[in-house]
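Chemist: fold the following and give me the result.
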Amino acid sequence: MRIHVSESAADMGALAAELGAAAIRAALAARGEAVVILATGASQFEPLQSLASCPDIDWARVHAFHLDEYLGLGPEHGASFRKFLRERFVAKLPTPLGSFTELDGKADPSSECRRVGELISRVTVDVAFIGIGENGHLAFNDPPADFTTTEPYRVVDLDEACRRQQLGEGWFESLEAVPRQALSMSIREILRARKIICSVPDERKSAAVQGAIEGPLTPDCPASALRVHGDVELMLDRASASLLQWRW
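Modeler: So this is what the prediction gives:
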């Protein structure tokens, strides 16, 4: 794992996009196509904005997969992650993506997990753009996370800390309005990506960052699983890195 600490979330996002774009270009040069995983949420504002404007990427040869989505929400809802990615990334690209495999939060959940799981199982993911939640979650794998399942996508229950984070970020008008379940890529599927770009700004994430990097490897801190991967770029700003014993 390589840890990068930037002066601001904007600088962090620009560097995350630069490193991700390099991985995409390398895959295009080696295989003629690239596969990426796209996350959402406030941590991804700057990385996705910067990535969409990176030059010299043939987006028509890039295929994207959706990391997670609320159960029961369609793209018309303001908190929908499909809506987020469509508006904040896909629509900003100079040319259309080769394909974008979305998660349908209103579909039958078991069938939807199976459908998208079968598709992603056929490919090698070149780079996964992800974040870490305030409770240490990866995607919507809240603690204690399942480190052993081989299912690419699962229906998961959202704990109160996760739901309060979504409320605090302004996606919902009340805690009761935040869904209690979601469709989520599993931990093992995330770790199957060749490269992981994990962007984590803000002081409210500092305890989760410390637990992931300096605490035990445990399902109680799902993000600690990143330590077993061979190629992770952990993108922090000074606020999110503030509790680390390690100094940059």
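
Chemist: what's the helix or strand bottoming out on mean pLDDT in the chain in contact with?
Modeler: Ranking every helix and strand in the chain by mean pLDDT, DSSP states H and E puts helix 160-168 at the bottom, with a mean of 91. With Cβ atoms under 8 Å, 6 or more residues apart in numbering as the test, helix 160-168 has contacts from 79, 133-135, 137, 140, 142, 172, 174-175, 178, 180, 204. Quick note: C-beta positions are derived from backbone N, CA and C, even for glycine.

Chemist: adding secondary structure, write the residues you listed out as JSON lines.
Modeler: Shown next, in JSON lines, are the contacts of helix 160-168 (DSSP: H, G, I helix; E, B strand; the rest coil):
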{"residue": "Ala79", "secondary structure": "coil"}
{"residue": "Gly133", "secondary structure": "coil"}
{"residue": "Glu134", "secondary structure": "coil"}
{"residue": "Asn135", "secondary structure": "coil"}
{"residue": "His137", "secondary structure": "coil"}
{"residue": "Phe140", "secondary structure": "coil"}
{"residue": "Asp142", "secondary structure": "coil"}
{"residue": "Phe172", "secondary structure": "coil"}
{"residue": "Ser174", "secondary structure": "coil"}
{"residue": "Leu175", "secondary structure": "coil"}
{"residue": "Val178", "secondary structure": "coil"}
{"residue": "Arg180", "secondary structure": "coil"}
{"residue": "Arg204", "secondary structure": "helix"}
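
Chemist: contact partners for the residue nearest to Ala52 when sequence neighbours are not counted?
Modeler: Closest residue to Ala52 apart from its sequence neighbours, by Cβ to Cβ, 6 or more residues apart in numbering: Lys92 at 3.9 Å. Contact analysis of Lys92 by Cβ under 8 Å, 6+ apart lists 49, 52-53.

Chemist: with Glu112 instead?
Modeler: Contacts of Glu112 by Cβ under 8 Å, 6+ apart are 103-104, 153, 183.

Chemist: check Glu76 too.
Modeler: With Cβ under 8 Å, 6+ apart, Glu76 has these contacts: Lys83.

Chemist: check for me that it belongs to a strand.
Modeler: No. If the criterion is three-state DSSP, then Glu76 is coil and not within a strand.
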